[in-house]
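Engineer: need the 3D shape of this:
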Amino acid sequence: MMMIMIKGLAMVVFIGYLLLWVITPTYVYKQKWLVTVRAHTTSTYFGTQGPTMLLYTFPVLFIAVVGSVYLHLRKNANQNRDEGEKEATLDNLSIWRRPMIIKGLGIVTKIELAFFVMFIALIIWSFTTYLHVGFAKITHKSAAKKGEEVWESKLDSVALRFGLIGNLCLAFLFFPVTRGSSILSLFGLTSEASIKYHIWLGHIVMTLFTSHGVCYIIYWIATKQTSEMVKWAKTDISNVAGELALVAGLVMWATTFPKIRRKMFELFFYTHHLYILFVVFFVFHVGIAYASIMLPGFYLFMIDRFLRFLQSKGTVRVVSARLLPCETLELNFSKSRGLDYTPTSIIFINVPSISKAQWHPFTITSSSNLEPEKLSVMIKSEGSWSRKLYQMLSSPTSIDRLDVCIEGPYGPISTNFLRHDTLVMVSGGSGITPFISIFRELVYTTENLKCKAPKILLISAFKDSSDLTMLELLLPSSGAPVEFSKLELQIEAYVTRENQHVNDKKPVSSIWFKPNPSDAPITPILGQNGWLWLGAIISCSFVIFLVSMGLVTRFYIYPIDKNTNKVYSYGSRAVLNMLLICVSIMVTCCVGFWWNKKRNAMDSKQIQSMEGVTPVSSPNSWFYNADRELESVPQQSLFQSTNVHFGKRPDIKRILFEQKESSVGVLVCGPKKMRHEVANICSSGLASNLHFESISFSW
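Structural biologist: As a prediction, the model looks like this:
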């Protein structure tokens, strides 16, 4: 009951926040409601910035804190209940979760499409309402008074409104990229799955701000006010700062288009850090009081980003690496038993010996329940960074230790694959990665929780037979033998570029690394493994910011400005506010991170170093030793469950329509063409028992 009340409260505040955006462009809001709010909230401590923060900043941070409490209670409830309990799949929203393929948007559900349409409707409503209110004041007399034509005054109004709508979109831009967000998790979303929203919003934001800048340039030229382009007003809008923000945004925008991002990812990655300049100059441009409208999303992003920075400073213990002949490797890390994550979670990895600046996301292949002291990721050698790593580990003079820094893990707060009678997992190449973690989690569920798991049909397409060894990663490289006799598993592997099995391949090999005293197991971070701490950091940092800002305003700015906003510099006020925000976030994050690190230190000391000498090769590799008697029972079971097809592709449509169970979960991960094909089949309406889910992954 308490959880329902907490979530209900968060939803009510969220709906109120959205309604605020609906009424913001109206005449009634600006001339009546806002005037009343300012009359009761403007003070010598917060000035005119106070009402804006009360209306736009406080509700979002309140939702984030309340959401953290809810997620903490939900996590405890999930740990205490029978996780094998099967939930119903057929509900009133099932039809809205069916996938659709929309050109330009990709695979979206009807729910996502509905929210997207509503957001576009909000933009159109706001823009037209702003114009209606603005144009109503423009007459021949008012234009002549300014020495302008009517069309010039209207162009001025249109340019301003483009900026106002751009700020509306900017207010939501940073939510999807806040990886440890309690708001996303509250709505059942992950940062990885929500990145498309960030992309959509980014394109809309830059389109609006570019239109805003271009219209003003045309207006200034038409009215012979080109000197406005170099204006940096002391107590008004700073045009130079706006131009600098726009330039930074345009450079970022230019590198986000698919052809550039895929071919020159590092260029895209590094130029995207211009968001710092973009936000700083945006605040200088509009002033901190108005910028407080977009502050909450960026505030939560800053907390998340600084916590990730703190976590990334130390090196973690790399136990071993498993090298596959298809130029793929599995890295195995030591982790604390207190670190929990769900299947399909990802982790960001940095190897300083390759590049101190590059961080790459990889899908976790291990299960935190089945392997409580180990975390594994699969890395496919498909880029310059991953190729260097594979060459480093596979060379004859291989290194005996590896320095690695990590961020994460990040993923969904819960998964419930038990709700289906059958799981059909369709993968292409490295797309098998998230299914490895799902398989291991289901092994744990059947063996330890003693509950029935769905039948598993794994359909994997590979380019050549060496890629078949990726299937070996279904079994952990170390630890207690994995038993999955209670699982109904069938693997259909397709080798598309070879007509028969090629035996002249390298064996699967393993490398065990020497421990270093400075290395530590991967420990829980604030967020998914510390929701209450995250809520405390958000609330405490904001309180510290409010108190410090109030004192500075009351005893330094107010004696100079008297709340007139005509004496004290906008730029100086913006600098002070940004400095106070950064200091409050850094102090609270450091305290929270240090306290949790100290708490986890004892657990880290109890983890035994997984040392030892193992053969360089794996003699029982079940693909390359299929004609021998395998010593491992799990390897035998895996081999017997696998059918390999050479020289053809899977007939996915036929296979899916052959599934007659009442609830079939269809998970797909791989190339875009494959995902769209499966989505089309599941959304065709020809088989109502198919429930589609696209899996995000990185390798």
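Engineer: tell me which element Ser541 is part of?
Structural biologist: Using DSSP states H and E, Ser541 maps to helix 531-552.
Engineer: what's next to that helix, contact-wise?
Structural biologist: 45-46, 49, 61, 64-69, 71-72, 75, 180, 182, 299-300, 303, 307, 526-527, 576-577, 580-581, 583-585, 587-589, 592, 595-596 (C-beta atoms under 8 Å, 6 or more residues apart in numbering). C-beta coordinates here come from the backbone N, C-alpha and C atoms, glycine included.
Engineer: what's the PyMOL line that selects buried ones from those?
Structural biologist: Of the contacts of helix 531-552, the buried ones go into a single PyMOL selection, burial set by 16 or more other C-beta atoms under 10 Å:
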select buried, resi 45+46+49+61+64+65+66+67+68+69+71+72+75+180+182+299+300+303+307+526+527+576+577+580+581+584+585+588+589+592+596
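Engineer: which of the contacts of helix 531-552 fall within helices?
Structural biologist: 49, 61, 64-69, 71-72, 75, 182, 299-300, 303, 307, 576-577, 580-581, 583-585, 587-589, 592, 595-596 (DSSP state H).
Engineer: what's the distance between Leu208 and Val251?
Structural biologist: Separation of Leu208 from Val251 (C-beta to C-beta, to the nearest Å) stands at 17 Å.
Engineer: give me the buried positions along stretch 158-170.
Structural biologist: Buried residues in stretch 158-170, defined by neighbour count with 16+ other C-beta under 10 Å: 158-170.
Engineer: one step back: between Leu208 and Val251, point out the one with more neighbours.
Structural biologist: When Leu208 is set against Val251 and neighbours are counted by other C-beta atoms under 10 Å, the residue ahead is Leu208, at 22 against 14.
Engineer: now do the contacts for that one.
Structural biologist: Contact analysis of Leu208 by C-beta under 8 Å, 6+ apart lists 162-163, 165-166, 169.
Engineer: helices - which of those land there?
Structural biologist: 162-163, 165-166, 169.
Engineer: for the helix or strand hosting Lys388, C-alpha coordinates in CSV please.
Structural biologist: Under the criterion of DSSP H and E, Lys388 resides in helix 384-394. Taking C-alpha atoms only, helix 384-394 is exported to CSV below (Å, rounded to 0.1, in the frame of the first residue of the first chain):
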residue,chain,number,x,y,z
SER,A,384,40.1,0.0,-33.5
TRP,A,385,39.8,0.0,-29.7
SER,A,386,38.5,-3.6,-29.3
ARG,A,387,40.9,-4.8,-32.0
LYS,A,388,43.9,-3.5,-30.0
LEU,A,389,42.6,-5.1,-26.9
TYR,A,390,42.2,-8.5,-28.6
GLN,A,391,45.7,-8.3,-30.2
MET,A,392,47.2,-7.3,-26.8
LEU,A,393,45.7,-10.4,-25.1
SER,A,394,46.2,-12.9,-28.0
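Engineer: buried sites along the helix holding Ser541?
Structural biologist: 531, 533-542, 544-546, 548-550, 552.
Engineer: buried residues in the helix or strand that comes right after that helix?
Structural biologist: For helix 531-552, the following helix or strand on the C-terminal side (DSSP H and E) is helix 558-561. Buried residues in helix 558-561, counted by 16+ other C-beta under 10 Å: 558, 561.
Engineer: export helix 558-561 to PDB, keeping only CA atoms.
Structural biologist: Extracted in PDB, the C-alpha atoms of helix 558-561 (Å, rounded to 0.1, in the frame of the first residue of the first chain):
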ATOM      1  CA  TYR A 558      20.300  42.200  -2.900                       C
ATOM      2  CA  PRO A 559      22.000  45.200  -1.300                       C
ATOM      3  CA  ILE A 560      23.300  46.100  -4.800                       C
ATOM      4  CA  ASP A 561      20.300  45.200  -6.900                       C
END
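Engineer: which other residues reach that helix?
Structural biologist: 44, 47, 567-568.
Engineer: quick check, nearest of the residues you listed to Ser641?
Structural biologist: Of all those, Gly47 has the smallest distance to Ser641: 68.8 Å, by C-beta to C-beta.
Engineer: what about stretch 560-577, distance to the chain center?
Structural biologist: 36 Å (C-alpha atoms, centre = their mean, to the nearest Å).
Engineer: thanks a lot, see you next time.
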